[in-house]
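Participant: Here is a sequence together with a model predicted from it:
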Amino acid sequence: MRSPERIRLLVFSLFLFALVALAIGYNPVPASSRGVAPTVAGAMPVGPPLEIKAPLGLPPVPIPPDNPPTAASVALGRRLYYDPVLSADNTVSCASCHAPFGFTDTHPVSTGVGGKKGTRHSPTVINSAYNSLQFWDGRAPSLEEQAKGPIINPVEMASTHADVVKRLQADPKYVSLFKQAWGTDQITIDLVVKSIASFERTVLCGNSAFDRFYYGDDKTALSASAQRGLKLFIDPKKGDCTTCHTIGKEYALFTDNKFHNLGVGADTRGNMTDLGRYDQTKNDADWGAFKTPTLRNIAKRAPYMHDGSFPTLKDALGHYIGGGNMNKNLDKEIHALDFLSFDERDDLLAFLESLTAKMPETLGPPPDLAPKQTAQNR
Ligand code: HEC
Ligand code: HEC
């Protein structure tokens, strides 16, 4: 072949290659260096990750790989958490039912939009970062998934995800906060719940008198009565509470993250209207079982149990003294504790009260959202 012919062939093959490449949509420059935004579902916050420091008595906070918290995403999540804009009629925020600093509400069952009542007591958001499953029946696998629920629950915020996104998108303040946290002005429900979850991962309660006594070296932190109560709480022959409300060598979550039937809500015949975990698994062992709640800040969060049926801590303890309510699936670890003397019962209560700790003010509402919150005061 003479060289001009060779060149013509080369040019022709290049032309053919370009044509084929065009047809199959091949682009030699990788998507990441073309400045294409990653798909929103897998969006990552922009900016350096924020290190959440766990207080004394708590383990490091588990962080999902696709949602490392940043200062901006936590601040945005805090605002969303306290903003009633997430509800259909702008009256109910997450904090209406999970208010600082017990991060629950004072009613047996919560009240949502239009005064509608649910069937369960609002569990605390405190230390929910450590829960392996969310809700009393464990039906949500993560804080992100959990947060999608109340927004659309007809007896809670009664809104829709599309509506919430539309409202936030129409507010220049939110558009700019989302841009700062997520590098995009395209708000989605995933970014909303990821931000809220990151804020929730900072709602931690440790460093109580108990922690300073047990994990620190302040032997004066606990009163003599609370120290006796702690022994009773752990002693398998006495309170035996740590079987479920765990205390570890380095930290105490006060929950085994499992589900148990205490007969709370059972009538005299052992019938239960709320079957708890069973409704999710249809496993007989889960009949009438509910997730063990943490006991952090417990003295600040009356009423107690999944149905809020015990107005005081003393009433809740009374349930254990009586050995729970008989029913076909009562947990084998639950048995009468009527042998505990009255002094011992007081000691147990003194111990439970030692789990109260001061939480940082920065976990409360952003200043400009605070008045709305108290006006509601559900
Ligand atoms: C109207 C009251 C109400 C509102 C509003 C509400 N919640 Fe809840 N929340 C509840 C109740 C009740 C439960 C328990 C429901 C169940 O277990 O079936 C719950 C459960 C939870 C849990 C699970 C905790 C655990 O230990 O399992 C978290 C976390 C939570 N809510 C966060 C939020 C967030 C975030 C928002 C706002 C997006 C919110 N809640 C709005 C009442 C409410
Ligand atoms: C077999 C496991 C188990 C044992 C043992 C146990 N608990 Fe519980 N505890 C639970 C579960 C599960 C709940 C929630 C039950 C419900 O709402 O139906 C709960 C709820 C509570 C509550 C109310 C918490 C809240 O947020 O409303 C308190 C207080 C409490 N327990 C204290 C104790 C004490 C004190 C002991 C020891 C005398 C003890 N528990 C032993 C599993 C257990």
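Facilitator: Thanks, I have the structure now. Residues are numbered from 1 along each chain as shown. Ligands and ions are numbered 1, 2, ... in the order given.

Participant: give me the number of residues near His306?
Facilitator: 21 (other CB atoms under 10 Å). All C-beta spots, glycine's among them, are computed from the backbone N, C-alpha and C.

Participant: Spell out which helix or strand contains it, please.
Facilitator: His306 is part of no helix or strand, with elements assigned from DSSP states H and E.

Participant: That one contacts Thr119, doesn't it?
Facilitator: No - under the criterion of CB atoms under 8 Å, His306 is not in contact with Thr119, lying 9.2 Å apart.

Participant: Between the two, which contacts overlap?
Facilitator: Asp274 (CB atoms under 8 Å, 6 or more residues apart in numbering).

Participant: Show me where this structure has its strands.
Facilitator: 259-260, 290-291 (DSSP state E).

Participant: Nearest to Gly112 among these would be which one?
Facilitator: strand 290-291 (20.7 Å; CB to CB).

Participant: Wait, Pro303 touches Arg120, no?
Facilitator: No - the pair Pro303 / Arg120 is not scored as a contact, 11.9 Å apart, by CB under 8 Å.

Participant: Tell me how many other residues crowd Val74.
Facilitator: Val74: 23 neighbours (other CB under 10 Å).

Participant: again, but for Thr124
Facilitator: Counted with other CB under 10 Å, Thr124 comes out at 23.

Participant: Also the one 5 residues further on?
Facilitator: Ala129 has 21 neighbouring residues, counting by other CB under 10 Å.

Participant: interface residues of this structure facing ligand 1?
Facilitator: Listed as neighbours of ligand 1 in the chain under the rule CB under 6 Å from any ligand atom: 81, 86, 92, 94, 96-98, 110, 112, 118, 120, 122-123, 125, 128, 131, 134-137, 143, 146-147, 150-151, 156-157, 196.

Participant: Try it again at 5 Å.
Facilitator: Taking CB under 5 Å from any ligand atom, the part of the chain that reaches ligand 1 is made up of 92, 94, 97, 110, 112, 118, 120, 122-123, 125, 128, 134-136, 146-147, 150, 156, 196.

Participant: and Ser128, what is it in contact with?
Facilitator: Counted by CB under 8 Å, 6+ apart, Ser128 has contacts Gln134, Leu143, Gln146, Glu200, Val203.

Participant: Please apply the same query to Met359.
Facilitator: Pro100, Phe101, Ile126, Val203, Leu204, Cys205, Asn297.

Participant: Check Gly118 too.
Facilitator: Counting by CB under 8 Å, 6+ apart, Gly118 has contacts Val109, Ser110, Gly112, Asn153, Val155, Glu156.

Participant: Going through these, which ones are buried?
Facilitator: Buried subset of the contacts of Gly118 (neighbour count, 16 or more other CB atoms under 10 Å): Val109, Ser110, Gly112, Val155, Glu156.

Participant: what's the neighbour count on the residue lying closest to the fourth one once chain neighbours are set aside?
Facilitator: So the one you mean is Val155. Spatial nearest neighbour of Val155, excluding adjacent residues (CB to CB, 6 or more residues apart in numbering): Lys116 at 4.2 Å. Neighbour count of Lys116, defined by other CB under 10 Å: 14.

Participant: now swap in Pro311 and tell me
Facilitator: 13.

Participant: and what of Ala170?
Facilitator: 10.

Participant: That one and Ala181: what is the separation?
Facilitator: To Ala181, Ala170 is 18 Å away according to CB to CB, to the nearest Å.

Participant: Settle this for me: Leu262 is touching Asp331, isn't it.
Facilitator: Yes - judged on CB under 8 Å, Leu262 makes contact with Asp331 at a distance of 6.5 Å.

Participant: who has more neighbours, those two?
Facilitator: Counted by other CB under 10 Å, Leu262 and Asp331 do not tie: Leu262 has more neighbours, with 23 against 17.

Participant: quick one on the thing from earlier: now for the contacts of Met359: which two are most distant?
Facilitator: Pro100 and Leu204 (12.7 Å).

Participant: Looking at those two, which is more packed in?
Facilitator: Leu204 (24 against 18).

Participant: residues in contact with that one?
Facilitator: Contacts of Leu204 (CB under 8 Å, 6+ apart): Ile52, Ala54, Pro55, Leu58, Val61, Ile126, Asn127, Ala129, Met359.

Participant: what are the ranges of the helices in this protein?
Facilitator: In the chain, the helices defined using DSSP state H lie at 3-24, 71-82, 94-97, 143-152, 161-169, 172-182, 189-200, 209-214, 224-234, 278-281, 313-321, 342-353, 370-376.

Participant: residues from the stretch 201-350 of the chain in reach of ligand 2?
Facilitator: 239, 241, 243-244, 260, 262, 264, 290, 292-293, 304-306, 316, 320, 331, 333.

Participant: Give me the residue ranges of the protein where confidence is low.
Facilitator: 1-4, 6-7, 9-41, 371-378 (pLDDT under 70).

Participant: Would you mind splitting it into its domains for me?
Facilitator: Segmentation of the chain into domains, based on automatic domain parsing, reads 3-36, 71-204, 209-353.

Participant: okay, the ones you listed, which one's buried deepest?
Facilitator: domain 71-204 (a mean of 20; mean count of other CB atoms under 10 Å).

Participant: Pull the contacting residues for the residue lying closest to Pro293 once chain neighbours are set aside.
Facilitator: Nearest residue to Pro293 in three dimensions, chain neighbours excluded: Pro123, at 5.9 Å (CB to CB, 6+ apart). Neighbouring residues of Pro123 by CB under 8 Å, 6+ apart: Thr104, Phe135, Trp136, Lys291, Pro293, His306.

Participant: Tell me which residue is most central in this protein.
Facilitator: Closest residue to the average C-alpha location of the chain: Ser128 at 3.7 Å, with CA atoms, centre = their mean.

Participant: got CSV for the helices of the chain, with distance to Gly270 too?
Facilitator: Shown next, in CSV, are the helices of the chain (distance: least, CB to CB, whole Å):
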stretch, distance to Gly270
helix 3-24, 67
helix 71-82, 39
helix 94-97, 30
helix 143-152, 30
helix 161-169, 40
helix 172-182, 50
helix 189-200, 36
helix 209-214, 35
helix 224-234, 28
helix 278-281, 14
helix 313-321, 15
helix 342-353, 26
helix 370-376, 39
